[in-house]
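Engineer: The sequence and its predicted three-dimensional model are supplied below.
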Amino acid sequence: MVTPTGRRVSYAEIERLSAIRARAFRAAGIGPGDVVLIARGVSPDLYIALLAIFRLGAVAMFPEPAAGLKGLSLAVEAAQPKAMVAGTLGRWLRPFVPALRGLPLLSEPSQGASPGDGPMDGDPRQPALITFTSGSTGRPKGIVRTGDFLALQHDLLEHLRQTSPQDIDLISLPVFILSNLVAGATSVIPAGNLRRPGQLDGARLLSQIAEHRVTRILAPPAVCGRLTEAVSSGAPPPDRNVHAIFTGGGPVFPNLLHALRTRAPSASLHAVYGSTEAEPIAHLNFDDISSADWEAMADGAGLLAGMPISQARIEIVHHEIQVAGPHVNRGYLDPTQDASTKVARDDILWHRTGDAGRFDDRGRLWLLGRREAAARNLFPFAVEVAALSWPGVQQAALLADSERAILCVAGIGLNATDLARRTRHIGDIELRILAKIPLDKRHNSKVDYATLRARVGQRSR
């Protein structure tokens, strides 16, 4: 790994330190099946702690940062960790979060201790990792992954990524650093607060890419947007070393894909569609998008997500995308939450993504936006993706379920008269021009419809 300060951490050092910390954790009473909360930012120490926990057959737990302190408390209540590993922020929070006060803080020695025994023979069918997702709203949902499940997910993603030990990846999607450790590649950790990807300094990231001769970029759309904005503002674009860009974790709109192609012409561009409970679901290569596809998206056909992966079985039920397969989460830590997204049909367990979609005549998946955000036969992405093709529009969000359908747009040099005409052509929709459209806190890539609705003073029907 390469840190934002340029420190290089070798595989040998990761191996040595994870073994030393595993021995310390074992001495503190951590063993197979015990849950350990990891409250650290993305750094080598995070992955060293994670590997130490895996060595013991214990279970690593990560709360969802975007869920805030309340979400952290609910996650601790649900997972019942035995101890915690914390960085500076985690240590600072302990006195202020009742759920953390009683958790022993595990020491993390780095010197003067013997690495001790090698990894224990854990059962890959047992839980190894618990993460949380808030979904669209409500109580955080704990997602349990076994060792087998993690290995399968890695294999499926590698069908798309095809990582080699020679790859040097700038990664702002932390789970892919774990995958890189399996593949033997180098991971460059982006400078800045990864909990706020839309606020990262694109020019600084481009400097890291050049300095460390990065070959691939793996980042959510918000980070890719920061990179393209920096190039537009005069920063040097990625050189020919960057041969691939993978993005996902939020909708990858046509304007971003075009910007990436313009500013990184040597890189192959890949958009991966999935959810926390089912990753990956579909994959789109920029080079496979035809001129007819671009025109269809501009005309209201939705957002092309590409071909489903071969291991995913997908059905569209009442416009909603439902997925089944060996890489689909079977249920949540709290079984009472399963009813919200899990449904059994013909002896098959399906995950309800909450996304509306359709198939075209080539079997490719098109996204239409969140199903609950659709109304009046208007689907968010059908309108939003079309609006993003209009002159000057950089953001678009449809409030279809308001008292009257409203299309909110933001951008530069917008012509209100022209945009109103284009909006009327779509249907009985009111146009609002805003300075900025609010996005989700997690990846800064999805529209925060609740906040937007409050901002424009509309109630849902």
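Structural biologist: Good, I have the coordinates. Residues are numbered from 1 along each chain as shown.
Engineer: quick one: low-confidence parts of the stretch 151-300 of the chain?
Structural biologist: For the stretch 151-300 of the chain, no stretch has pLDDT under 70.
Engineer: All the helices of it, in order from the start?
Structural biologist: For the stretch 151-300 of the chain, the helices defined by DSSP state H, counting those that start in this stretch occupy 175-183, 202-211, 221-232, 254-263, 291-298.
Engineer: Restricting the selection to alpha carbons, write stretch 46-65 to CSV.
Structural biologist: Extracted in CSV, the C-alpha atoms of stretch 46-65 (Å, rounded to 0.1, in the frame of the first residue of the first chain):
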residue,chain,number,x,y,z
LEU,A,46,-7.1,-0.7,9.2
TYR,A,47,-6.2,-3.7,6.9
ILE,A,48,-3.5,-4.9,9.3
ALA,A,49,-6.2,-5.0,12.1
LEU,A,50,-8.6,-6.7,9.7
LEU,A,51,-6.2,-9.4,8.8
ALA,A,52,-5.3,-9.9,12.4
ILE,A,53,-8.9,-10.5,13.2
PHE,A,54,-9.3,-12.9,10.3
ARG,A,55,-6.2,-14.9,11.5
LEU,A,56,-8.1,-15.6,14.7
GLY,A,57,-11.3,-16.7,13.1
ALA,A,58,-13.0,-13.7,14.6
VAL,A,59,-15.5,-11.4,13.0
ALA,A,60,-14.6,-7.8,11.9
MET,A,61,-17.4,-5.3,12.2
PHE,A,62,-17.6,-2.0,10.3
PRO,A,63,-20.4,0.5,11.0
GLU,A,64,-21.7,2.8,8.2
PRO,A,65,-20.0,6.2,8.6
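Engineer: Just give me how far that stretch sits from the chain centre.
Structural biologist: Taking the mean of its C-alpha atoms, stretch 46-65 sits 19 Å from the chain's own mean (CA atoms, centre = their mean, to the nearest Å).
Engineer: Next: stretch 302-320.
Structural biologist: With CA atoms, centre = their mean, you get 18 Å for stretch 302-320.
Engineer: Kindly report the same for stretch 50-69.
Structural biologist: For stretch 50-69, the distance to the chain centre is 17 Å (CA atoms, centre = their mean).
Engineer: Ok, stretch 19-29 next?
Structural biologist: For stretch 19-29, the distance to the chain centre is 31 Å (CA atoms, centre = their mean).
Engineer: mind starting the numbering at 51 from now?
Structural biologist: Renumbered: residue one is now 51, and that last one reads stretch 69-79.
Engineer: Report the rounded mean pLDDT for it.
Structural biologist: Averaged across stretch 69-79, pLDDT comes to 94.
Engineer: Can you give me the buried ones in that stretch?
Structural biologist: Within stretch 69-79, the residues that count as buried by 16 or more other CB atoms under 10 Å are 69-76. For every residue, glycine as well, the C-beta is placed using N, CA and C.
Engineer: about what we covered before: now the helices of the stretch 201-350 of the chain as JSON lines including mean neighbour count and distance to Leu139?
Structural biologist: Below are the helices of the stretch 201-350 of the chain laid out as JSON lines (neighbours: other CB atoms under 10 Å; distance: least, CB to CB, whole Å):
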{"stretch": "helix 225-233", "mean neighbour count": "20", "distance to Leu139": "19"}
{"stretch": "helix 252-261", "mean neighbour count": "18", "distance to Leu139": "21"}
{"stretch": "helix 271-282", "mean neighbour count": "22", "distance to Leu139": "21"}
{"stretch": "helix 304-313", "mean neighbour count": "18", "distance to Leu139": "31"}
{"stretch": "helix 341-348", "mean neighbour count": "14", "distance to Leu139": "41"}
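Engineer: Turn those into CSV, columns for distance to Ile331.
Structural biologist: Formatted as CSV, the helices of the stretch 201-350 of the chain follow (distance: least, CB to CB, whole Å):
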stretch, distance to Ile331
helix 225-233, 15
helix 252-261, 27
helix 271-282, 16
helix 304-313, 18
helix 341-348, 19
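Engineer: tell me the phi and psi of Ser222?
Structural biologist: phi -110, psi 10 (degrees, to the nearest 10).
Engineer: do you know how far it is from Pro247?
Structural biologist: 6 Å (CB to CB, to the nearest Å).
Engineer: In CSV, list the C-alpha atoms belonging to stretch 175-194.
Structural biologist: Coordinates of the C-alpha atoms in stretch 175-194 are reproduced here as CSV (Å, rounded to 0.1, in the frame of the first residue of the first chain):
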residue,chain,number,x,y,z
ARG,A,175,-18.5,-21.1,6.1
GLN,A,176,-18.6,-19.0,9.3
PRO,A,177,-19.0,-15.2,9.5
ALA,A,178,-15.9,-13.2,8.8
LEU,A,179,-17.2,-9.6,8.2
ILE,A,180,-20.2,-7.6,9.2
THR,A,181,-20.9,-4.3,7.5
PHE,A,182,-23.9,-2.0,7.7
THR,A,183,-26.0,-0.2,5.2
SER,A,184,-28.7,2.3,5.9
GLY,A,185,-30.4,1.6,2.6
SER,A,186,-32.6,4.4,1.5
THR,A,187,-33.9,5.2,4.9
GLY,A,188,-34.4,3.8,8.4
ARG,A,189,-32.4,1.5,10.8
PRO,A,190,-29.0,0.3,9.6
LYS,A,191,-29.0,-3.2,8.3
GLY,A,192,-26.2,-5.6,9.2
ILE,A,193,-24.9,-7.6,6.3
VAL,A,194,-22.9,-10.8,7.3
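Engineer: any idea how far that stretch is from the chain center?
Structural biologist: 14 Å.
Engineer: buried stuff in it?
Structural biologist: 177-185, 189-194.
Engineer: try stretch 387-395
Structural biologist: 387-388, 391-392.
Engineer: quick one: contacts of stretch 143-156?
Structural biologist: 74-75, 78, 80, 86-87, 89, 119, 122-123, 126-127, 131-136, 140-141 (CB atoms under 8 Å, 6 or more residues apart in numbering).
Engineer: For Gln444, which of the helices of the stretch 201-350 of the chain is the nearest?
Structural biologist: Proximity to Gln444 (CB to CB) singles out helix 304-313 among the helices of the stretch 201-350 of the chain, at 7.1 Å.
Engineer: residues in contact with that closest one?
Structural biologist: Under CB under 8 Å, 6+ apart, the answer for helix 304-313 is 271, 274-275, 277-278, 281-282, 287-288, 295, 297, 317, 319, 321, 336, 339, 344, 347-348, 353, 435, 438-439, 444.
Engineer: Give me the angle between that helix and helix 341-348.
Structural biologist: 140 degrees (axes from the mean of the first three to the mean of the last three CA atoms, to 10 degrees).
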